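Visitor: Sequence and predicted structure, then a few things I'm wondering about:
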Amino acid sequence: MEPINTTTLLNASNLEPGRCDRNCRMILMTLYGAVLLGGTAGAITMSCMMLKRNSQSVVAMIVLNIMVLHSILLVSLPFRLSYYVLVVWEFGSFTCRLVSSIIYGHMYFTFFFYVAIVILRLLMYFKKLQMQQFQKYHVVVLSIIIWMVGAVIFLPIFFLQYGTNPSYPEQRCFEFYKDLNRREFIILNYSMIIIMMTTVVTLFLIQMGVIAQLVKALWPDMWAHQEYRAQIKSCFFLLVIVVCFIPHHAFRVHFIQHYSEIENSELVLYNEIFVALTTACCLDMLCFVGGVIH
């Protein structure tokens, strides 16, 4: 086998339409590097804080699940960074598929756990659920259900469908957008876009209505009431979804329709940047540590 000429591959990547050029790689390395450093620092600090407090609250248990998800993603980021530095994938096709799929699995699992926190707090506000009735094992069961449902959906796609096209070169990675010419992946993408958009809009409207009611009832001392502060803090999770996940899904609609057109090949570069933005939700732990949300 002939040795891989990194310089040749680097030049080719800068010239070939749809490939991540030098500026694109710099943006991605900056984003992933910041997430890796900030996310690791936040996860370690948050773990220490939770161990000291030994909190058994509903939100604390769900946050623990989110920390596990973040940790899995953070472990995969050095592989991505090495690829953008070397412009050569050296870890095999299976690892490429795994690292590539982790970023999507992390996004959707995190989304469902965020939504679980918001819905639980809304149920408590509307007196449909009492905190005293919600025991630790309830949260464990809820977590297991989310993990199992996600696994049932995610694993068959990963092992049987995702990135299995033999035309993908061994020395490249993260180019599985080419699978979007398959009908089943188009349907899957549109389904996830509709689910996420509908869920976020619905929860946001309900949350704003609840906050408006609390402001009207508690003005001007609403900040002195724990119930008001709890609902304001729920907005944090919706804000993370809006900032980190919604841009990717909004752009995805346009990307699916036009990515294959040669004159729009730069859409591939934009798509990679929006995908990288989804990992910024790992910085939520720094917000927890900093007291933005408890």
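Guide: Thanks, I have it. As the structure is a prediction and not an experimental result, all values here were calculated from the model. Numbering: from 1, shown residues only.

Visitor: need the contact list for the residue nearest in space to the middle of the chain.
Guide: The centre of the chain sits closest to M107, judged by CA atoms, centre = their mean, with a distance of 2.4 Å. Contact partners of M107, counting by CB atoms under 8 Å, 6 or more residues apart in numbering, are 245, 248, 278, 281. Backbone N, C-alpha and C define where each C-beta goes, glycine included.

Visitor: Secondary structure element holding it?
Guide: If you go by DSSP states H and E, M107 is part of helix 92-125.

Visitor: what's next to whatever helix or strand comes next after that helix, contact-wise?
Guide: Per DSSP H and E, the first helix or strand lying C-terminal to helix 92-125 is helix 136-160. Outside helix 136-160, the residues within contact range by CB under 8 Å, 6+ apart are 56, 58, 61-62, 65, 97-98, 101, 105, 108-109, 112-113, 116, 188.

Visitor: report the angle between the axes of the longest helix seen in the chain and helix 92-125?
Guide: Using DSSP state H, we find that the single longest helix of the chain is helix 183-218. Using axes from the mean of the first three to the mean of the last three CA atoms, to 10 degrees, the inter-axis angle of helix 183-218 relative to helix 92-125 is 30 degrees.

Visitor: buried sites along whichever helix or strand comes after helix 183-218?
Guide: Remark: after helix 183-218, the chain's next helix or strand is helix 226-240, criterion DSSP H and E. Residues 228, 231, 233-238, 240 are the ones in helix 226-240 that count as buried (16 or more other CB atoms under 10 Å).

Visitor: for the helix holding M107, which positions count as buried?
Guide: Buried positions in helix 92-125, judged by neighbour count with 16+ other CB under 10 Å: 93, 96-118, 120-122, 124-125.

Visitor: Low-confidence ranges, this structure, go.
Guide: 1-19, 54-56, 128-136, 159-168, 260-265, 289-294 (pLDDT under 70).

Visitor: P169 in helix, strand or coil?
Guide: Taken by DSSP: H, G, I helix; E, B strand; the rest coil, the conformation at P169 corresponds to coil.

Visitor: what about it, neighbour count?
Guide: 9 (other CB atoms under 10 Å).

Visitor: now swap in V268 and tell me
Guide: Counted with other CB under 10 Å, the neighbours of V268 add up to 19.

Visitor: quick one: it and Y259 touch, right?
Guide: Yes - between V268 and Y259 there is a contact at 6.2 Å, judged by CB atoms under 8 Å.

Visitor: what do those two both touch?
Guide: Common neighbours of V268 and Y259 (CB under 8 Å, 6+ apart) are Y177.

Visitor: any idea how far E170 lies from Y104?
Guide: From E170 across to Y104, the span is 22 Å (CB to CB, to the nearest Å).

Visitor: so which of the contacts of helix 136-160 comes closest to W219?
Guide: V58 (28.2 Å; CB to CB).

Visitor: mind checking how far the closest one is from I232?
Guide: V58 is 17 Å from I232, by CB to CB.

Visitor: Ok, F176 next?
Guide: From F176 to I232 the distance is 39 Å (CB to CB).

Visitor: what's the answer for Q171, then?
Guide: For Q171, the distance to I232 equals 49 Å [CB to CB].
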